[in-house]
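K.L.:
The following comprises the amino acid sequence and a computationally predicted model.
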Amino acid sequence: MSFPLLTATAALPAVGAIVTAAVPAARRTAAKWLALLFSVATLALAVVVAVRFDPDGDRYQLTESRSWIADFGVRYELGVDGIGVALIALTALLIPFIILAGWHDADPLETKSSRWRPTQGFFALILAVEAMVIISFEATDVFLFYIFFEAMLIPMYFLIGGFGDRAHAGSDEKASAQRSYAAVKFLLYNLAGGLIMLAAVIGLYVVAGNFSLQEIAEARANGSLDMATNTERWLFLGFFFAFAVKAPLWPLHTWLPNAMGEATAPVAVLITAVVDKVGTFAMLRFCLGLFPEASKWATPAILVLALISIIYGALLAVGQRDIKRLVAYASISHFGFIILGIFAMTSQGQSGATLYMVNHGISTAALMLVAGFLISRRGSRLIADYGGVQKVAPVLAGTFLIGGLATLSLPGLAPFVSEFLVLAGTFARYPAVGIIATFGIVLAALYTLVLYQRTMTGPVKPEVASMPDLKVRELAVVAPLIALLIVLGVYPKPVTDLVNPAVEHTMSDVQKKDPKPEVEAAK
Amino acid sequence: MNTENLIALLVAAPLLGAVVLLCGGRRLDRVGHWIGTLLSALSFVIGLVLFTDMLGKGAEDRSLHQHLFSWIPVEGFQADVAFQLDQLSMTFVLLISGVGTLIHLYSIGYMEHDERRRRFFGYLNLFLAAMLLLVLADNYLLLYVGWEGVGLASYLLIGFWQHKPSAATAAKKAFLVNRVGDMGLSIAIMLMFTTFGTFAFGPVLEASEGTSEGKLTAIGLMLLLAACGKSAQVPLQSWLGDAMEGPTPVSALIHAATMVTAGVYLIVRSGAIFNGAPDAQLAVTVVGAVTLLFGAIVGCAKDDIKKALAGSTMSQIGYMILAAGLGPIGYVFAIMHLVTHGFFKAGLFLGAGSVMHGMNDEVDMRKYGGLRKYMPVTFVTFGLGYLAIIGFPGLSGFFSKDKIIEAAFAKGGTEGWILGSVALLGAAITAYYMTRVMLLTFFGEERWRHRATASPEQPSAEPAAETRGQHSEPHPHESPRSMTIPMILLAVGSVFAGGFFSIGDRFTHWLEPVTHHDHGDSPLSAATVTGATMVVLVVGVTLAWFQYGRRPVPAVAPRGSLLTRAARRDLLQDDFNHVVLVRGGEHLTRSLVYVDHTLVDGVVNGTAASVGGLSGRLRKLQNGYARSYAVSMFGGAAVLIVATLLMRAV
Amino acid sequence: MTALAAYTTSTGEAFQFWVLGTVAVIGALCTILMRKAVHSALCLAGTMIILAVFYLANGAYFLGIVQIVVYTGAIMMLFLFVVMLVGVTAADSLKETIKGQRWLAAVCGFGFALLLFAGIGNASLKDFEGLAKANEGGNVEGLATLIFTKYVFAFEITGALLITATVGAMVLTHRERTERAKTQRELAEERVREGKHLPPLPAPGVYARHNAVDIAGLLPDGTPSELTVNRTLRERGQIRDVSTEALNDLRALEQRATDRLERPDLRRTDPGRNGDGDSGAEHAAAAGEQTEEASK
Amino acid sequence: MNPVNYLYLAALLFAIGASGVLIRRNAIVVFMCIELMLNACNLAFVAFSRLHGNLDGQIIAFFTMVVAAAEVVVGLAIIVSLFRSRHSASVDDASLMKL
């Protein structure tokens, strides 16, 4: 057996987390550098994975398989398809920026009510999350996936509840109260989903006799394992519920605005750009892979929910007065698009959805991190407290605008490609749904531009008059992301080539063909 | 050398300029404007090169094609980055890059006192790049990129003076309204994708013959929606008036000459689709006709010179759309009017800018008057533009507009009569309001002398207005060379372009391969139409002269008739939007926020609370007294015994 | 008849069962109903003795004796000992603290009894072997053989258990003095710090008629002072309050004194100094008389 | 008379003892009630040994006594130390199981 590359990719940040956590409190900066080092090393490994991965090869590559809990047929099975590779790359790519952006977020507070804040703990937790996310992108054993899918919650809980945003409305006590509320809400929602999923996992074991994704899928394919229709539907619902909470899909979304609002900007990015992707990814891999029939059965309902998410999230984003909550609701709307693309069951839709996961990660990271820099300068999350920033900090405003334009998926920036693919894919099968979803792009423009206008333009507010422009560290965070947005918007071919074969596999899982155009013009 | 490869450079040059200028930082402040101007000039030169090269070829094989790279390759969905340069595109390329260059030049002088001039030129270059991409794309998706790109550029430029809330709002409004149009475009593309499996011009337009009319109508209407958004046609016209918040060169370039005509380009480009969908065509003509009158009426009422010109732009584009809706009869004239309009309207705007420049950025025409002595060049150029737009015989407008009116009649049937007469009416009103502008600005007494401070209801467009102007009496003066030269060149264009095009139907033949022109059978002879046009022209002018030329003009606008007041408010369309969309939207979002907080969240919190309460009640059982535990133990034992007994009994 | 005939006992035993059984049940009930632990213990002892008798009647001679000796003799005495040691708390107030506890208990007990009855009732317990055969070698010998053959291990383990129990009891009850004993000075300072009872506690009231420690001394106003009596007595509520009768005695004495000396009752005519003085003298006289009476 | 009555008597005593355990608060009395229950069991054992005609029942009863003795010793010790620590022998005072 060759060098276990995937294990290494997942293990490296875990080791990094332990090492970082072990750094004595006095050596705060050392811990930061260590964390950064490890995350960059992980990125390097991820690149190796992406290079070693052959898009036209088998469905799952770089596979590893060891027996783990023999009695229950639980195996330590890893393997990546194109989608997995793309998302692992995204995760490994974002974490260094998150760490860099959060460089000072966990420093001890200077306020007199300051509790001692374990700086290195902050970074250790981030690395731990990275490790778990990566391994859950790699796991091809349902049980293995489930374990890390759930374990992720613990570090996230501490990240949200422990290291709050310093820029809060009201007193420290109020802030910490809101923070713990948000953290607990996050935990409860996801645990509820997880428990239901656990039931479904056990049910799957009872039905299928093992946890291996590939074996079960094969068994389903060659008919040696046939579930009763209702069984399959219940299991599907069990899985889907958990993923829909994580994704988050309306009406299970309310934890996200609280979490993103209360957490520091980097952690918010970690939530929405990295952790939540596990949910959509798992829909694609497990829901469609294991329960194709049930997926098709549930598609109409899910499409409706996705539509509601898109429109509803956008409208609420328009209504927000808090920058971070606004971004959160925007993300809800975007997740609606992703889920729409997944369940449109067309190859454009699914490629688009996968691409969307990557692009949304990057664009939200850009927007949210810049917003974080903005907030850290003024010390307030309320849109009303800003105005005319563009005058005093043009670079900050410019990056903010680009992030916003990416969020409203302006052509030429990465999200446009994915969003249009999703829309076209959906439209091809369900024209009405596609048209309604298209309204989302108008609303996206509305909330983005309103946000930009209220914060950046207009007469300069006295509070922001002395606001410094982006520092080198911050620029180092934002510039690469923006460059990436533009590059992927102009030349997304590398990613699509990576994704397409995987999508074809999924399409064959659900035994769906793309609807043929009425006029074969091209031929 | 192979000329295809130059096409990319057309786009690349201004794009490079934009990148350099926007990322370059302050060190470029002193040379930035020149870089921008040179790069746009460069793309104009490249355009000329390609043009000459094209002229060298036969009419049929003039269309060039350049495939750069595959953009979005997905199963069954192939989008390429590829350019197509045919006669239509070429016309636009020359117009855009030419006028663009002139306006760059103009801006050097106009924006001299603005410390963010570099950024301004960056935006202008960005606009040029996007606009060229729009007209050069060989598929609808790439066109969409350019389409949104120009939207972005116009957003940035309208809101260039961001410290003014009005400007920021106007920019946002423009972008949003355009987005509605873009929605139409994207839906149209999706329809094409599902119908034809592709959205490249070639295959789609070929295949559109054999396609069901219903599909084509749907696509056509969606394209029309897009065109309405971009070209400020009813019902999506509301943004154009506010867009005048932007610097005047922007108004000239984007909101008069080029971007707003993108809709016309889209419709003409998709001619094949519209030919297959008469209903869609009818819709197009109706929209055109309505906007034609709408814009003209608005133009009559505005006292803000730029807003008046904006109204005129609206109505002129209405003409083009109307012509484009007429099908093969009208395509050519639509484009022709587009080009000539590009010249004279840009010239008019530059003239207006020059006037404002000399008048301390005063925009209220009622505070002008008698300026011809002070700024002769502006007066002459503006006057030529004026003559051109009202269709004075021999000038550009005359030819193009006249042709459109003919074509309208040539549509035949009642439609033809209605459209034709509407066009005629429009011509009359055009003559009226343009004469009004002319008289108010350059003739009559000098109302700007010893006048009180600026009237509050007309906030001046330029930021400096707050500092200088207003308080001191203006000293009208001619603008610097860099501003007058473009005006002169444009004036030349607006004088001769029309004649040059239509002598021997040059333009028609030039565009023949794209638009497949056919002369409809007009119920009226060309002469009759021309005569009619002349008559209405004279009527309009005299009317205006009676109203504004003879009597002194009140410095503060009289209350005016109901129609006037409505027209001042853009025929209440904004109020409608505000009441219905803005207010309604606000209430909707507010209520949704409430719902999200109380209902969706409330359900969850409610369950949590109820569980908490239940557990609290259960907790009471655990009173900690050993004896009560003992009771339960004992009871349990009893139950067990019962169970066993029953078991044995069974 | 012989096969089906239920094994019956002699009428003597039957009579004995019915009489003693009733007594045993009554004793048990008293055990759980008596307010004072001592009484409960006594009732229990009675019940146990009765049980011993029943053992004997059932042919378990050894157990019968053991029951009397070990249980009633040792264990119950141990109980009483502990009661004496601990049970100073006055009788349980039978007022139930936990709501519904008593009813639940009653119901449970009653229902449980019913269940057991039902169980026994429908068990087939018709024919008794009788211990005649088993006991022919003597009951004790029989038990002994069983203990040392069949149950030898259990027996040994029981021994171990007993040892453990003893050690455990010692450990539990043995109190290691962890802190240094306080010196008198420290105690005094503590008292001062707490600010109560700086002087030693007052002595119980001592009178000629009854000078027991369970009599509270009287305060100047004639009310008894709790402090003067031992805490244990106080908790047991075994204080005899003599304040009233003492006062009555005084009043009677004065009455007699006035009668004997035939002096007009000044107290009513002119209450004054001399009046007070008289009463003081009378006090002394009364005291003198009392001592005389006590000495007789 | 049928010796089964002894069993009934044992059952009755057991139930009484049990209810006593539940009703009384004084730890000592509770203990006595437990003793009562044990004795009831012993009676049952003895009756059973008579029923089966062998001595095993008595042996068990014997062991029960021993165990009971041990239990009493330890239990009373516990009560004593309890009383020392909290000056009361009431079981309710030791309601520490409540959070």
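P.N.:
Thanks, I have it.
K.L.:
And for residue C:35, the neighbour number?
P.N.:
13 (other CB atoms under 10 Å in any protein chain shown). C-beta coordinates here come from the backbone N, C-alpha and C atoms, glycine included.
K.L.:
Quick one, grab the pLDDT at residue C:284.
P.N.:
The model reports residue C:284 with a pLDDT of 46.
K.L.:
Poorly predicted segments of the chain, please.
P.N.:
All of this is about chain A. Chain A contains residues with pLDDT under 70 at A:1, A:108-117, A:164-172, A:519-523.
K.L.:
wrong one, I was asking about chain D
P.N.:
D:93-99.
K.L.:
where do the helices sit along the stretch 51-200 of chain C?
P.N.:
Ranges of helices in the stretch 51-200 of chain C, per DSSP state H, counting those that start in this stretch, are C:61-66, C:76-86, C:101-121, C:139-149, C:152-173, C:184-194.
K.L.:
for the stretch 151-300 of chain A, same thing?
P.N.:
For the stretch 151-300 of chain A, applying DSSP H, counting those that start in this stretch gives helices covering A:153-162, A:172-208, A:213-221, A:229-246, A:255-262, A:265-269, A:276-282, A:288-290, A:292-319.
K.L.:
Tell me which other helices or strands the last one touches.
P.N.:
If you count contacts as 3 or more CB pairs under 8 Å, 6 or more residues apart in numbering or on different chains; DSSP states H and E, helix A:292-319 packs onto helix A:229-246, helix A:323-343, helix A:431-456, helix B:584-595.
K.L.:
Show me which positions of whichever helix or strand comes after the longest one end up buried.
P.N.:
Translated: helix A:431-456. Once the chain leaves helix A:431-456, the next helix or strand it forms, by DSSP states H and E, is helix A:472-490. The neighbour-count check on helix A:472-490 (16 or more other CB atoms under 10 Å in any protein chain shown) flags A:474, A:477, A:478, A:481, A:482, A:484, A:485, A:488, A:489, A:490 as buried.
K.L.:
Centre of the chain to the host helix or strand of residue C:253, how far?
P.N.:
Residue C:253 belongs to helix C:243-261 when assigned by DSSP H and E. Offset of helix C:243-261 from its chain centre (CA atoms, centre = their mean, to the nearest Å): 40 Å.
K.L.:
cool, stretch B:322-330 as well?
P.N.:
Distance, stretch centre to chain centre, for stretch B:322-330: 20 Å (CA atoms, centre = their mean).
K.L.:
Mean confidence (pLDDT) on it, please.
P.N.:
Model confidence over stretch B:322-330, given as mean pLDDT, is 87.
K.L.:
With only the CA atoms kept, save that stretch in CSV.
P.N.:
The C-alpha trace of stretch B:322-330 is given here as CSV (Å, rounded to 0.1, in the frame of the first residue of the first chain):
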residue,chain,number,x,y,z
LEU,B,322,-39.1,51.2,-32.9
ALA,B,323,-37.1,50.8,-36.0
ALA,B,324,-35.5,47.6,-34.7
GLY,B,325,-39.0,46.3,-34.0
LEU,B,326,-39.9,46.8,-37.6
GLY,B,327,-37.7,43.9,-38.7
PRO,B,328,-35.5,43.8,-41.7
ILE,B,329,-37.1,47.1,-42.9
GLY,B,330,-35.8,48.9,-39.9
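K.L.:
quick one: contacts of that stretch?
P.N.:
B:264, B:267-268, B:271, B:274-275, B:281-289, B:292, B:331, B:333-334, B:337, B:404, B:407-408, B:410-411, B:419, B:422-423, B:515-520 (CB atoms under 8 Å, 6 or more residues apart in numbering or on different chains).
K.L.:
contacting residues around residue B:235?
P.N.:
Contacts for residue B:235 (CB under 8 Å, 6+ apart) come out as B:228, B:573.
K.L.:
Report pLDDT for it.
P.N.:
pLDDT at residue B:235 comes out at 83.
K.L.:
any idea which helix is longest in chain B?
P.N.:
Identified as the longest helix of chain B according to DSSP state H is helix B:165-196.
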